[in-house]
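Asker: Structure of the sequence below:
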Amino acid sequence: MFGLPQLELPFFWTKPAPDKGNGARSGSSQRPSGSIPEEPRTIACGGQEIRYVVRRSARRRSLGLQIDTRGLRVAAPLKARQAEIDRLILSNTAWILAKLREWQRPEYQAARAWAPGDPIALLGSVRPLRIAQGRAGLAKFDDALILTVPKPDDEAVVRARLRDALKAEARAWFAGRLGHYALRYGVDTPTLRISQAVTRWGSCARDRDGAHRVSLNWRMIHFEGRLIDYVVAHEIAHIKHMHHGPRFWSAVAKLYPDYADARDEIRRRTLELPNI
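Answerer: Numbers count the residues shown, from 1 in each chain. Now for the predicted structure:
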């Protein structure tokens, strides 16, 4: 990581602190090397007691706030002082409380509470999901999806095989769109990595040999192709512009003219995604 540029496209509930270092690596649901166990904390915030956890890592160069299904989390360098963390939380009280409330809205709770047999969205098309016994696989029809699994009565197995199937769909779709936008932008197609990051849709990194790597979150496969295209165009633009300055956004606009509307829509609809 050290010294290697990387740009990230976060979910809308991620709020990093100002970064004075060289940039941070993208996170994932797995604990990175150099991290230590999470530290549970509480703080009086806006007249409420807020529970949160601090996740320290040697890879972090700055503090950052994240809100997801687990609540408030603070990403911190190993030597960050508690007073610095407290100041960051208190200076963002309104944002934190608003996002925590948003996660509790009934319609979002219901949308995320997916159960085997519920309909599922694939590239924006919501279809009934039927589960049958057989060799693991996903068959796609205009009016239904059929997931075959060795143990259809085992919910954990069903969820795991569905995730695997959706990741495979995502890899195939994302690879095609990366190639399309790379060709339009006049750059080599970057290496694709399928991500299951909790807090970002995509990231672009440059390796020491100058090759680029784009990570894309498999959960985007629930969205319409036009929204996925925005994220892909965003990351492709980073190949020439490893920043979020005016030249970067000008490049995004050339690749995807309606990027502002797509960016707003994907932020609004994030909480609708099912927990599989």
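
Asker: Near the nearest residue to V126 once chain neighbours are set aside, how many other residues are there?
Answerer: When the adjacent residues along the chain are set aside, V126 lies closest to P119, with 5.2 Å between them (C-beta to C-beta, 6 or more residues apart in numbering). C-beta: built from backbone N, CA, C; applies to glycine. Around P119 there are 12 other residues, counting by other C-beta atoms under 10 Å.

Asker: Strands of the stretch 101-250 of the chain, residue ranges please.
Answerer: Shown for the stretch 101-250 of the chain, the strands assigned by DSSP state E, counting those that start in this stretch span residues 120-122, 125-127, 129-133, 137-141, 144-149, 191-195, 200-206, 212-217.

Asker: Quick one: list the elements packing against the longest one.
Answerer: Going back to what we said before, that points to strand 200-206. On a contact count with 3 or more C-beta pairs under 8 Å, 6 or more residues apart in numbering; DSSP states H and E, strand 200-206 meets strand 6-10, strand 212-217, helix 225-237.

Asker: Comparing those by mean pLDDT, which bottoms out?
Answerer: Within the helices and strands packed on strand 200-206, the least confident segment by mean pLDDT turns out to be strand 6-10, at a mean of 51.

Asker: any idea how far A168 lies from A136?
Answerer: As judged by C-beta to C-beta, to the nearest Å, A168 and A136 stand 10 Å apart.

Asker: quick one: which helix or strand includes Y52?
Answerer: Here Y52 is covered by strand 48-57, with elements defined by DSSP states H and E.

Asker: and that strand, what other elements does it pack with?
Answerer: Where contact means 3+ C-beta pairs under 8 Å, 6+ apart, strand 48-57 is packed against strand 39-45, strand 71-77, helix 82-91, helix 93-103.

Asker: Quick one: low-confidence residue ranges for the stretch 1-150 of the chain.
Answerer: Along the stretch 1-150 of the chain, the model assigns pLDDT under 70 to residues 1-37, 68-70, 106-112.

Asker: Return the distance of the helix ranked longest in the chain from the chain's centre.
Answerer: Of all segments of type helix in the chain, defined using DSSP state H, the longest is helix 155-185. Using C-alpha atoms, centre = their mean, to the nearest Å, the distance from the centre of helix 155-185 to the centre of the chain it belongs to is 14 Å.

Asker: got it, and stretch 46-61?
Answerer: With C-alpha atoms, centre = their mean, you get 19 Å for stretch 46-61.

Asker: which of the residues in that stretch are buried?
Answerer: Of the residues in stretch 46-61, those with enough neighbours to count as buried (16 or more other C-beta atoms under 10 Å) are I50, Y52, V54, R55, R56, S57, R59, R60, R61.
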